[in-house]
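Visitor: Build me a structure from this.
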Amino acid sequence: MAFRIVATFEIVTPMFLGGAIPDAAPGTNAPPITLRPGSIKSELVFWWRALNAAQAARSAGRPDDRRWLCALHETEVDLFGGPGRSADSDRNRSRVAARQSAVHLNARWISAHPIWTAGSFLTGTGENRSNAGGERCPEAVRYLGYGALEYQAAGTVLLRQAFAPGAKFAVELLLTGRAAGRSPEVLNALKLMGLLGGLGMRKRRGWGSLNLLSLRHGAAALGRGEDTLKDDWTPPLTQDAWQERIRDLISLDPNINSTALPLTAFARGSEIRIWKEAFSNWIDAMARLGHGYQLYRAWGYKGERDTVHRVGGCEAEQNFPEEKEWFRSGNLRPAARGSYGVAAEKMPRRANLGLPLPYDSQRGMVVEAAAPFGRRASPLMFHIARIGDKCLPVATHTNNMFLPDVGRGHHAGVKIKIRNFDGKSFTPASNIITDYFIDAAINTPNSPYFDGDPAGNILTTSVP
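Guide: Residues are numbered from 1 along each chain as shown. Below you'll find the predicted structure:
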């Protein structure tokens, strides 16, 4: 028995994904676009884990007993392939074969070309130009696109090639063997990927956001006739309908605390919040989202004629003065952190938003996770949702264990180190993200940072 799924996605925001390279004969205007199946499958597996980890932990009875992680991994290998502990060589072959079936290019492109080339310019209206000109791209958009976009005197320049917003692509999945019986799990992961997910560089900051347009599935004929696939998706056209789709897919288990899970997964304590205001295009949504996030995190810049530091034209919030003083002192030793008296066992609060946290790389002033990690992706994930003809920013915080202790065999905080200095234990505090959601900061003249109801977590806890 085999099961076929065909999902069609729309690219909502520019996607900095490997493979965005024109490959056509000279003089043609429509080069084929190559999407890497491995990148799509990795995103699918990510959301599959996020949906199924809490159930695996509950089945084991004790989330702190890591044997449930082994069981989850074995199930993942069954579905998607990968290194397993079974001697059966077939186990290491993927049972979900993802391939690109089509990329549909139509008049809804933001630009007239499906590829935005490195060195081109992004304007404030979301257009791509080969030469400078037009409305300037907002600083807040560049802030969310750090590493992919760069400010130059002529305008905002793309440092990498990107797939243009508005492009559509279809993904076909063929489930064989035991995987066919788990098709509902794969379907749910695809749906969540189309509601919250993205592909490519800076996807956790809203770039490469996806919108699921259609989903069809059914038994695969495998050459013995035509597949009979039924439609299983209609894109939500209102914010209420979008939220209902999320709640249909995610119901928080009241018996599993999210902070007990050593991977990105939904459980009690996870949050999803959506912006109150709808925007007519993706770049306005990114600009508002990025402005609030930059206000919350950044110290700001004081020009020659300014009396105060500013962020995006507004007075800077300066919510983390202890980190600024720590940085300016040129001494990152835990015992010498200035008048704010940060305790020796603590690290900068902004470390909770992802590591490494560079202050001055040339002087070795970098906060990073100790081996074997080094890095930790931000637990705060942004997405630009396409709902009807509007775009709305979305923030997801699964609120899981910041870094699991792999060396001692149980869940605890691991070492965070300051490069060139001794490592110190670090107890992360997720309240830095909660403060961002509910606008609880030291100075808030430009509040809110995230325009959502403080009680507006749209996830609900299931009945045990």
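
Visitor: hey, let's count contacts and neighbours off CA atoms from now on
Guide: Will do.

Visitor: From the centroid of the protein, which residue is nearest?
Guide: Centrality entry for the chain: nearest residue to the mean C-alpha point is residue 204, 2.5 Å, by Cα atoms, centre = their mean.

Visitor: so who does that residue touch?
Guide: Contact analysis of residue 204 by Cα atoms under 8 Å, 6 or more residues apart in numbering lists 198, 378, 380-383.

Visitor: Could you dump these into TSV and include distance to residue 400, neighbour count and pLDDT?
Guide: Below are these laid out as TSV (distance: Cα to Cα, whole Å; neighbours: other Cα atoms under 10 Å; pLDDT from 0 to 100):
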residue	distance to residue 400	neighbour count	pLDDT
198	20	28	96
378	11	16	92
380	11	19	96
381	13	20	97
382	16	28	98
383	19	29	98
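
Visitor: mind listing the helices for this structure?
Guide: Remark: helices assigned in the chain by DSSP state H are 37-60, 67-80, 139-144, 183-196, 239-249, 282-297, 321-328, 431-438.

Visitor: where among the ones you listed is the average confidence lowest?
Guide: In terms of mean pLDDT, the lowest-scoring of the helices of the chain is helix 321-328 (a mean of 70).

Visitor: most tightly surrounded among the helices of the chain?
Guide: Most buried of these, by mean neighbour count (mean count of other Cα atoms under 10 Å): helix 282-297, with a mean of 23.

Visitor: mind exporting that one as PDB, just the C-alpha atoms?
Guide: What follows is helix 282-297, C-alpha atoms only, in PDB (Å, rounded to 0.1, in the frame of the first residue of the first chain):
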ATOM      1  CA  TRP A 282       4.400  41.500   3.300                       C
ATOM      2  CA  ILE A 283       6.900  44.300   3.700                       C
ATOM      3  CA  ASP A 284       4.700  46.500   5.800                       C
ATOM      4  CA  ALA A 285       4.000  43.500   8.100                       C
ATOM      5  CA  MET A 286       7.800  42.800   8.400                       C
ATOM      6  CA  ALA A 287       8.500  46.500   9.000                       C
ATOM      7  CA  ARG A 288       6.100  46.800  11.900                       C
ATOM      8  CA  LEU A 289       7.200  43.400  13.400                       C
ATOM      9  CA  GLY A 290      10.900  44.300  13.000                       C
ATOM     10  CA  HIS A 291      10.400  47.800  14.500                       C
ATOM     11  CA  GLY A 292       8.900  46.500  17.700                       C
ATOM     12  CA  TYR A 293      11.500  43.700  18.000                       C
ATOM     13  CA  GLN A 294      14.400  46.200  17.400                       C
ATOM     14  CA  LEU A 295      12.900  48.600  19.900                       C
ATOM     15  CA  TYR A 296      12.900  45.900  22.500                       C
ATOM     16  CA  ARG A 297      16.400  44.600  21.900                       C
END
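
Visitor: Tell me which residues are up against that helix.
Guide: Residues outside helix 282-297 that contact it (Cα under 8 Å, 6+ apart) are 12-13, 124-126, 138-141, 143-144, 206, 278-279, 311-312, 316-320, 350, 384, 391-393, 436, 441, 446-450.

Visitor: burial count for the residue nearest to residue 243 when sequence neighbours are not counted?
Guide: Closest residue to residue 243 apart from its sequence neighbours, by Cα to Cα, 6 or more residues apart in numbering: residue 458 at 6.7 Å. Using other Cα atoms under 10 Å, residue 458 is surrounded by 16 other residues.

Visitor: Tell me who's in contact with residue 458.
Guide: Contacts for residue 458 (Cα under 8 Å, 6+ apart) come out as 243, 247, 271-273.

Visitor: mind checking how far the residue nearest to the centre of the chain is from residue 432?
Guide: 17 Å (Cα to Cα, to the nearest Å).

Visitor: Kindly report the same for residue 62.
Guide: In terms of Cα to Cα, residue 62 sits 28 Å off from residue 432.

Visitor: What of residue 456?
Guide: From residue 456 over to residue 432 the distance is 17 Å, taken as Cα to Cα.

Visitor: now swap in residue 289 and tell me
Guide: The gap separating residue 289 from residue 432 is 17 Å, by Cα to Cα.

Visitor: Equivalent analysis for residue 126, please.
Guide: To residue 432, residue 126 is 31 Å away according to Cα to Cα.

Visitor: swap in residue 127?
Guide: For residue 127, the distance to residue 432 - Cα to Cα - is 34 Å.

Visitor: ok, now residue 202?
Guide: As judged by Cα to Cα, residue 202 and residue 432 stand 21 Å apart.

Visitor: Okay, now the unreliable bits of this structure?
Guide: Where the chain drops to pLDDT under 70, the residues are 19-34, 63, 83-113, 222-227, 325-347, 359-365, 369-374, 404-428, 441-446, 462-464.

Visitor: okay, now the domains of it?
Guide: Domains of the chain are assigned by automatic domain parsing as 2-20+33-106+165-235, 118-160, 271-461.

Visitor: Return the set of residues that bridge with residue 390.
Guide: For residue 390, the beta-bridge partners are residue 387 (DSSP bridges).

Visitor: ok, residue 403 touching residue 260?
Guide: No. Assessed by Cα atoms under 8 Å, residue 403 is found out of contact with residue 260, at 10.9 Å.

Visitor: what's near enough to touch the residue found closest to residue 279 once you drop the neighbours it is linked to in the chain?
Guide: Nearest residue to residue 279, sequence neighbours excluded (Cα to Cα, 6+ apart): residue 391, at 5.1 Å. Shown in contact with residue 391 (Cα under 8 Å, 6+ apart): 278-282, 285, 384-385.

Visitor: rerun that using 6 Å as the cut-off
Guide: 278-279, 281-282, 385 (Cα atoms under 6 Å, 6 or more residues apart in numbering).

Visitor: what do you get for residue 119?
Guide: Residue 119 neighbours (Cα under 6 Å, 6+ apart): 157-158.

Visitor: From residue 59, how far out is residue 241?
Guide: To residue 59, residue 241 is 31 Å away according to Cα to Cα.

Visitor: same check, this time on residue 114
Guide: 46 Å.

Visitor: same check, this time on residue 10
Guide: Residue 10 is 36 Å from residue 59, by Cα to Cα.

Visitor: Before I go, just wanted to say thanks for your time.
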